[in-house]
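A.B. asks: A predicted structure for the sequence below; I have some questions about it.
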Amino acid sequence: MSRSTRPRNSWPPETKPVFGFHLPLKGKVHSSETMKILLIKPKARLGSILGLQAFQLLEPLELGYLAAAVSPKHDVRILDLRLARFGNRALKRAVQTFGPDLVGLTGYSHEGSIVKELARRIRRLLPLGKIVVGGHHATVAPEDLDIEEIDAIVRGEGCGPFRSLVERLEAGDSFEGIGDVMIPGGSKAMEKPDEWPIFPDPATLPVPRRDLWDCRRYSTVWLAEDLPAGHPLFPQVSTVRTSWGCKMKCSFCIVPFLCEGRHWPRPVQSVVDEIAAVSSDHIYFSDDENFIDVDFAWRLAEGLEKAGVQKRYFAWTRSTTVNGSPELFRKWRSIGLDAAFLGFEFSTDAALKKVVKGGTVAGNERALDVLRSMGIAVHAAFMVMPDFDDGDFQSLKDYVERLPPCECSFTVCTPSPGTPDYSDIERKIWVDNPHDLHDCMHPLTPTAVPLRRFAQAFADLTKAGTANIPMRVNKHRAPHLDLVRIILAEGRYNRGFRRMYRDYPRELWG
Ligand code: B12
Ligand code: SF4
């Protein structure tokens, strides 16, 4: 798609939220070739994810990309079921009022069963419409989505294949033979799920269509060392992706497989233009590692500065990147980087070595100090192993409590389907459908302590991880309503973990 045909972002959006379905206020005239396309983001089921969403609800960026990839003559709408109180009602209403020719569903692995259930419901409401699925689960475990209600499964980056699917449908042709597209039902295309999809040059991607949702509905708790009094705790936020991939090869992570160990940045100017055009003052980068290509990250900072873009940023990085290029972070701090996510992972070098993290505990602590000394707050992310005993939980808790002010979060180390680490644990998996629990917070293999106690210890860790956050330590004066919201969110987050054992068959609760 040429640059001039890309839809521009607009503000305020000309949409009216109805049950989480953004209906345009101005209707479109339908030409004979115009197709109606409905893109759906499911609502998660696990309490752990719903707890996370109490803090952070980010834009349905993947759907914005797909919408931008098809010809602008088509009428595309986005249904974000995370916003709907009654998901089934919202779905029925959206499908019946809009009557789409094509429905696209996205989903993470923990949403795999939900995606299948949605496809079945949509098929009943829309016997003749086409249903296609894509997203992370489709990429890593396409065979799990091989059901008759689904017409095509798209793996990997979706813009190119989705555009081809729409063009085929428009021309009345079959979906067979499109790269990275599998056809359920035993077709030949379903026979090679072991081959990874090839990601395209990100320069070829369109600008996501943020005009299809109400940006004011998306926010995240904002981490910073020093916020001005009255600064909201949950500002409106936009998600921007500046690159694909990562050069590292942590053994539990899927990213090196998807991107063949490459980091592939977008052209600097296109990122600058995108960020300058969004209505939000706060940007959450959705890269795997924002600064791993130091030259690109410098040029981007300079580009944003030159264009006079004044936003606040949150980005993901590694301790090794911070320690290797502290000046880069000083530069980013000067243009608005408020906080960085650092994968600390473990509190011992032996454990870090085992997952090929390529860093050390001392290096993690040095990076934390370097960032704090510049006024950049740190979100330190740790992993818990299913075989943690009471002593392991206690020593991680002690370690976290000794750290200087930062925000700590925890996941359960869960290798992705398709990695050698996943093959190693596969035969030990103790639930029938591990995908349903693949949120990196539910242990997929037997725990050393009884599951109920594991959940309690995990919840205690998360509580310890938020006790020492900079805003708390620096007594940030936040709006009163935000304080109420944060107390409610913390309750929900903690409850989600304490009760996670209930997501397993009763005989495993312990
Ligand atoms: C940023 C990010 C987040 C952000 C959210 C981003 C957002 N927009 O909401 C935050 C921090 C909140 C987050 C949270 C989590 N994340 Co996350 N996240 C990422 C990351 C780094 C990038 C995702 C992203 O935004 N990409 C940009 C968009 C545009 O690309 P995309 O989503 O890949 O979509 C493209 C294609 O997949 C495809 N596509 C997608 N949907 C569809 C649908 C159709 C019909 C078609 C045709 C194509 C298609 O086309 C899209 C356009 O290019 C990825 C790693 C990665 N490299 O993908 C992990 C990743 C997606 N996250 C993962 C996980 C596990 C989680 C958590 C469960 C972790 C946790 N315990 O906290 C939570 C769950 C959140 C939830 N609500 O479910 C895993 C998913 C594994 C899996 N098999 O499901 C990943 C792959 C990380 C990993 N290394 O394993 N995450
Ligand atoms: S965990 Fe982070 S640093 Fe390691 S390979 Fe994945 S994206 Fe790269």
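C.D. replies: Right, received. Where do you want to start? Ligands and ions are numbered 1, 2, ... in the order given.

A.B. asks: name the helices or strands packed onto the helix or strand His137 falls within?
C.D. replies: Assigned by DSSP states H and E, His137 belongs to helix 136-140. Packing contacts for helix 136-140, counted by 3 or more C-beta pairs under 8 Å, 6 or more residues apart in numbering; DSSP states H and E, involve no helix or strand. The C-beta positions use only the backbone N, C-alpha and C, and glycine is treated the same way.

A.B. asks: now check that helix, is it near ligand 1?
C.D. replies: Yes. Taking C-beta under 6 Å from any ligand atom as the criterion, helix 136-140 and ligand 1 are in contact, through 136-137, 140.

A.B. asks: out of the residues you listed, which comes closest to Lys116?
C.D. replies: Each of the residues of helix 136-140 next to ligand 1 was scored against Lys116 by C-beta to C-beta, and His137 proved nearest at 10.0 Å.

A.B. asks: interface residues of the stretch 301-450 of the chain facing ligand 1?
C.D. replies: Residues of the stretch 301-450 of the chain lying close to ligand 1 (C-beta under 6 Å from any ligand atom) are 411, 416, 438-441.

A.B. asks: hey, where'd the strands end up in the stretch 351-500 of the chain?
C.D. replies: Across the stretch 351-500 of the chain, reading from the start of the chain, the strands by DSSP state E, counting those that start in this stretch fall at 377-384, 407-412.

A.B. asks: which secondary structure elements does the shortest one contact?
C.D. replies: If I follow you right, that is strand 407-412. Taking 3+ C-beta pairs under 8 Å, 6+ apart as the contact definition, the neighbouring helices and strands of strand 407-412 are strand 377-384, helix 451-465.

A.B. asks: please identify the buried residues of the longest helix anywhere in the chain?
C.D. replies: Ranked by residue count under DSSP state H, the longest helix found in the chain is helix 480-498. When neighbours are counted by 16 or more other C-beta atoms under 10 Å, the buried residues of helix 480-498 are found to be 482, 485-486, 489-490, 492-498.

A.B. asks: how does this protein divide up, domain by domain?
C.D. replies: Using automatic domain parsing, the domain ranges for the chain come out as 3-191, 218-504.

A.B. asks: report the contact partners of Val166.
C.D. replies: 35, 37, 70-71, 74, 102 (C-beta atoms under 8 Å, 6 or more residues apart in numbering).

A.B. asks: any idea how far it is from ligand 2?
C.D. replies: When distances are taken as C-beta to the nearest ligand atom, to the nearest Å, Val166 and ligand 2 turn out to be 31 Å apart.

A.B. asks: pLDDT (mean, whole number) over the helix or strand hosting that residue?
C.D. replies: If you go by DSSP H and E, Val166 is part of helix 159-171. Predicted confidence along helix 159-171 averages 97 (mean pLDDT).

A.B. asks: hey, C-alpha coordinates of that helix in CSV?
C.D. replies: Backbone C-alpha positions of helix 159-171 (Å, rounded to 0.1, in the frame of the first residue of the first chain) are rendered in CSV as follows:
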residue,chain,number,x,y,z
CYS,A,159,-0.9,-7.6,7.2
GLY,A,160,0.2,-9.2,3.9
PRO,A,161,-1.7,-12.5,4.3
PHE,A,162,-4.8,-10.6,5.5
ARG,A,163,-4.8,-8.3,2.5
SER,A,164,-4.5,-11.4,0.3
LEU,A,165,-7.4,-13.1,2.1
VAL,A,166,-9.6,-10.0,1.6
GLU,A,167,-8.6,-9.8,-2.1
ARG,A,168,-9.4,-13.5,-2.6
LEU,A,169,-12.7,-13.2,-1.0
GLU,A,170,-13.5,-10.1,-3.0
ALA,A,171,-12.6,-12.0,-6.2
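
A.B. asks: does that helix come close to ligand 1?
C.D. replies: Yes. Helix 159-171 lies in contact with ligand 1 when judged by C-beta under 6 Å from any ligand atom; the contacting residues are 159, 162.

A.B. asks: if we can go back for a sec, buried among the residues of helix 136-140 next to ligand 1? Need that as a selection in PyMOL.
C.D. replies: Of these, the buried ones can be selected in PyMOL as follows, counting by 16+ other C-beta under 10 Å:
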select buried, resi 136+137+140
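
A.B. asks: so Trp196 sits right up against Pro256, yeah?
C.D. replies: No. Applying C-beta atoms under 8 Å, one finds Trp196 not in contact with Pro256, separated by 10.4 Å.

A.B. asks: including mean neighbour count, distance to ligand 2 and mean pLDDT, could the strands of the stretch 351-500 of the chain go into JSON lines?
C.D. replies: As requested, the strands of the stretch 351-500 of the chain are exported to JSON lines (neighbours: other C-beta atoms under 10 Å; distance: least, C-beta to the nearest ligand atom, whole Å; pLDDT from 0 to 100):
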{"stretch": "strand 377-384", "mean neighbour count": "22", "distance to ligand 2": "9", "mean pLDDT": "98"}
{"stretch": "strand 407-412", "mean neighbour count": "21", "distance to ligand 2": "11", "mean pLDDT": "97"}
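
A.B. asks: redo those strands as TSV? Include distance to Leu371.
C.D. replies: TSV is the format used below for these (distance: least, C-beta to C-beta, whole Å):
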stretch	distance to Leu371
strand 377-384	5
strand 407-412	12
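
A.B. asks: buried set for stretch 201-217?
C.D. replies: Along stretch 201-217, the positions that meet the burial threshold by neighbour count (16+ other C-beta under 10 Å) are 202, 205-215, 217.

A.B. asks: of all these, which comes closest to ligand 2?
C.D. replies: When the buried residues of stretch 201-217 are compared for distance to ligand 2, the smallest value, 15.8 Å, is given by Pro202; criterion: C-beta to the nearest ligand atom.

A.B. asks: and that closest one, how far is that from Glu274?
C.D. replies: Noted for Pro202: a distance of 12 Å to Glu274, by C-beta to C-beta, to the nearest Å.
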